[in-house]
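>>> Sharing a sequence plus its predicted fold:
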Amino acid sequence: LKTLKLDGSSKLDSYKWLETTSSSVLSRKTSRVNQFYRIHNHRYSTKLINPHLDQLHHIQSEIDRVQKCVKKAYNSDQIPEVVGRYEYTSEVDPNATFPRFMRKNLDTGIQEILLDLNNTKEEFDYVDISALKVSPNGKVLAFVADFEGLEQYSIYLHRLSDSRVRDTSAKAAPTEFEFVAKGSGVEWFQDSNSFLYVVQNEHNRPAQVFQRSLGSTSPDQLLFSEENASFYVSLSLSRDGQIIFVMSNSKTTSEIHAISADDSKSSPECIINKNAGNRYFVESLADFYIIVTNDHACDNYRVDIVQHDMIQQRDQWKSLVHHRNDVAIDDVCVFQSFLALIVRKDGQLFVEILRFSRNTLIDVLESNLSSNSLQLERLELRTNSDTPSTLQSNLNFDPNSSKFRFTISFPTTLPCAVEYDTSSNSLHRCSEFDDSVLVQQDRELLRSLKCQFEYVKSGDVRVPVTIVQSPLSESSRHLLLNVYGSYGICLNSELRVEYLNLLRAGISIGFAHVRGGGELGPKWYKDGKEMKKKNGIDDFIAVSKYFREDYGIKKLCAKGFSAGGLILCSALNVHPELFDGIILKAPFVDIVRASTDRSIPLSEHEIEEWGDAITDPSILQYIESYCPYTNLKSLGESILTHKKIRFPSIFISTGCEDTRVPSWMVSKYVAKLEDQLKRVHLDPSKHVFFTTALGDSHFGFG
């Protein structure tokens with residue numbers, strides 16, 4: 001037994017021996033840890049995979065086939081975006097691994113390849129590009145990429161005006177790119193010679209901003225450093241190109257600095273200080289700042305305007321869009337003559353347009369015009385009985401455009417890109433999935449899907465639930481129920497290619513939008529975080545009971561990824577009888593340990609999500625009351641209470657390189673779970689299937 005110190009008290013943890021990430025220990029065949037992983041990977045292969053290998057290969061080939069069709073027929077990045085003298089787009093070759101980024105000179109009509117990672121001297125199994133930033137003169141591309149799938153991003157330069165081979169100090173980077181630093185963001189000054197970039201610290205937290213000048217032999221200059229471990233630093237160039245914003249954000253609080261993009265010798269100026277609990281998102285429009293904020297208890301956010309030189313005088317801020325108790329603002333895109341807002345009301349997503357002129361903005365600032373007189377136009381985006389599951393603003397690089405582009409997806413259809421033209425008040429699709437590329441049975445399936453929206457009572461609230469069904473669903477009455485319920489993130493209920501095989505087999509797909517998520521706005525999120533976290537768990541239990549007892553589901557399988565695993569495993573501990581199967585991907589199952597050990601990645605950053613269990617004993621006690629790992633003993637008691645139930649099969653996967661939910665945390669949960677099953681005379685080898693993917697991170701196979 002090992003002793004674990006929590007808040008000054010001693011607690012026995014019999015599974016602490018699994019806490020290792022040492023590659024030497026994991027690879028040493030004689031080590032106890034290595035044997036644990038080998039036994040479970042062997043069980044997973046021999047009992048779960050090998051007996052169904054042909055069927056799994058067929059399913060995967062079907063997914064790959066349809067995915068290739070989708071890739072060919074639809075990609076919102078293929079819609080051209082104009083920036084300066086160039087039109088930017090991407091090409092998707094179904095036979096290539098990665099997209100090819102292109103640009104066309106609008107003066108000459110000449111098209112050239114901006115970046116093609118399919119054609120480099122080094123081959124890559126994985127590439128994720130999180131940012132592409134071309135210098136204002138169009139000669140140098142700065143991009144941020146992860147070449148290993150481990151969420152380890154680096155910044156590179158690609159000189160577009162020559163093809164000389166350059167050395168790099170980044171092991172995985174192609175030799176023709178110049179390595180800058182391990183980092184997460186980059187923005188250019190208007191002189192095209194200097195740029196800012198964000199550097200991550202040893203815990204992969206974006207923490208510092210440096211400046212580099214091309215061709216300079218001087219060390220890069222440190223301009224900003226965020227010492228508070230709860231805050232992450234990012235960069236953003238204003239849409240009018242005037243200002244580079246240096247933003248430092250925690251889960252609940254913001255601080256914003258501004259640097260003139262026209263003066264590479266200027267220093268960051270703090271324009272909005274940290275004010276606990278208040279968040280700010282700032283954009284520049286001529287000599288005005290447009291500010292989206294939740295301060296003054298505006299949980300659903302409002303939109304303010306202020307002149308540049310008055311931003312530190314809060315009494316000079318005037319509202320363009322007032323706070324509304326029943327409408328939450330998700331996103332705002334600023335144009336020269338209008339704002340485009342993505343909002344949600346009663347769980348439904350909408351686009352709203354606010355038109356204005358410069359004189360209108362001046363009148364609002366001078367109190368000659370009440371912003372209440374400015375009319376918001378709401379766009380109708382329903383299709384048949386379907387309402388959008390996601391709305392996401394596209395790049396919209398040109399602030400002078402009259403057109404707002406966004407991507408919309410529904411639970412029963414694949415996504416499409418939509419453009420609203422404010423000059424003609426017309427809404428049309430500019431890119432959508434063409435189902436003619438599919439075989440007939442796939443087309444028929446897609447056209448036959450139906451979506452239901454239900455509300456399930458949980459205590460004194462109604463929990464929204466989305467259900468997608470095929471014609472066979474009624475007879476099979478089988479359901480895969482997804483849950484997340486954390487960080488204010490909305491559980492994505494858009495149609496995914498991998499769902500099609502399940503729907504074809506008559507398995508319905510469900511989504512429980514429990515408290516802690518953002519589906520009903522910030523209040524719904526706040527009612528499921530910190531000392532109200534158990535609300536989300538209660539919601540999921542209520543939804544699961546509804547499907548079992550009222551909806552008539554015969555077989556219920558539940559799925560939770562990351563923090564969704566916390567919700568699901570907490571429910572499993574007290575109600576194992578509700579489930580026939582459990583799927584857990586990188587489940588966050590030991591919140592007690594994560595909240596009391598600052599060495600664990602993200603633990604400090606997430607204090608505002610779970611509470612500070614180190615300094616407040618009441619918070620620790622509350623976390624202990626629902627932590628899945630801590631309360632596994634309750635699972636054994638629940639099994640004994642429901643002696644006639646068939647305990648569900650549980651599939652658990654994790655990745656050895658996961659920096660968000662360490663693989664050892666999941667392994668400890670598996671070991672303790674199996675011991676609990678043995679105590680109630682259940683054979684773990686018949687119920688628990690655990691696999692660990694070497695070399696994978698949080699969003700990989702694990």
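Perfect, I can see it now.
>>> for stretch 339-358, how far is the first residue from the last?
13 Å (Cα to Cα, to the nearest Å).
>>> quick one: furthest residue from the center of this structure?
Residue farthest from the centre of the chain, counting by Cα atoms, centre = their mean, is Asn368 at 41.9 Å.
>>> Can you give me the pLDDT of that residue?
Here, the pLDDT recorded for Asn368 equals 74.
>>> go on, Asp54?
We have a pLDDT of 92 for Asp54.
>>> give me every residue that touches Tyr197.
Residues near Tyr197 by Cβ atoms under 8 Å, 6 or more residues apart in numbering: Ala142, Ile155, Val180, Ala181, Gly183, Gly185, Val186, Glu187, Val209, Phe210, Arg212, Leu235. For glycine as for every other residue, the C-beta is placed from the backbone atoms N, C-alpha and C.
>>> likewise Arg443?
Asp435, Ser436.
>>> one step back: restricted to helices, list the contacts of Tyr197.
If you go by DSSP state H, the contacts of Tyr197 have nothing in helices.
>>> can you tell me which of those lies nearest to Leu568?
The closest of the contacts of Tyr197 to Leu568 turns out to be Gly185 (Cβ to Cβ; 33.5 Å).
>>> beta partners of that closest one?
With DSSP bridges as the criterion, Gly185 is bridged to Val198.
>>> need the contact list for it.
Taking Cβ under 8 Å, 6+ apart as the criterion, Gly185 is in contact with Ala131, Val144, Tyr197, Val198, Pro206, Ser234, Leu235.
>>> Surely the fifth one is in contact with Lys182?
No. Taking Cβ atoms under 8 Å as the definition, Pro206 is not a contact partner of Lys182, at 10.1 Å.
>>> pretty sure the residue farthest from the centre of the chain belongs to a helix, no?
No. With DSSP: H, G, I helix; E, B strand; the rest coil as the criterion, Asn368 is coil rather than part of a helix.
>>> can you pull the contacts of it?
Counting by Cβ under 8 Å, 6+ apart, Asn368 touches no other residue.
>>> the helices in the stretch 551-700 of the chain, which residues?
Under the criterion DSSP state H, counting those that start in this stretch, helices of the stretch 551-700 of the chain are mapped to 563-574, 591-596, 607-610, 617-626, 632-641, 663-679.
>>> tell me the angle the fifth one makes with helix 563-574.
If you take axes from the mean of the first three to the mean of the last three Cα atoms, to 10 degrees, helix 632-641 sits at 40 degrees to helix 563-574.
>>> Go through helix 632-641 and flag the buried ones.
Buried residues in helix 632-641, counted by 16 or more other Cβ atoms under 10 Å: Leu632, Ser634, Leu635, Gly636, Ser638, Ile639.
>>> As TSV, the residues you listed with distance to Leu479 and pLDDT would be great.
Compiled in TSV, those are given as follows (distance: Cβ to Cβ, whole Å; pLDDT from 0 to 100):
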residue	distance to Leu479	pLDDT
Leu632	26	94
Ser634	25	89
Leu635	22	90
Gly636	26	84
Ser638	21	87
Ile639	22	86
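>>> Okay, now the unreliable bits of the stretch 151-300 of the chain?
Across the stretch 151-300 of the chain, the ranges flagged by pLDDT under 70 are 161-175.
>>> 90 instead?
Scanning the stretch 151-300 of the chain with the threshold set as pLDDT under 90 gives 151-152, 160-177, 201-204, 297.
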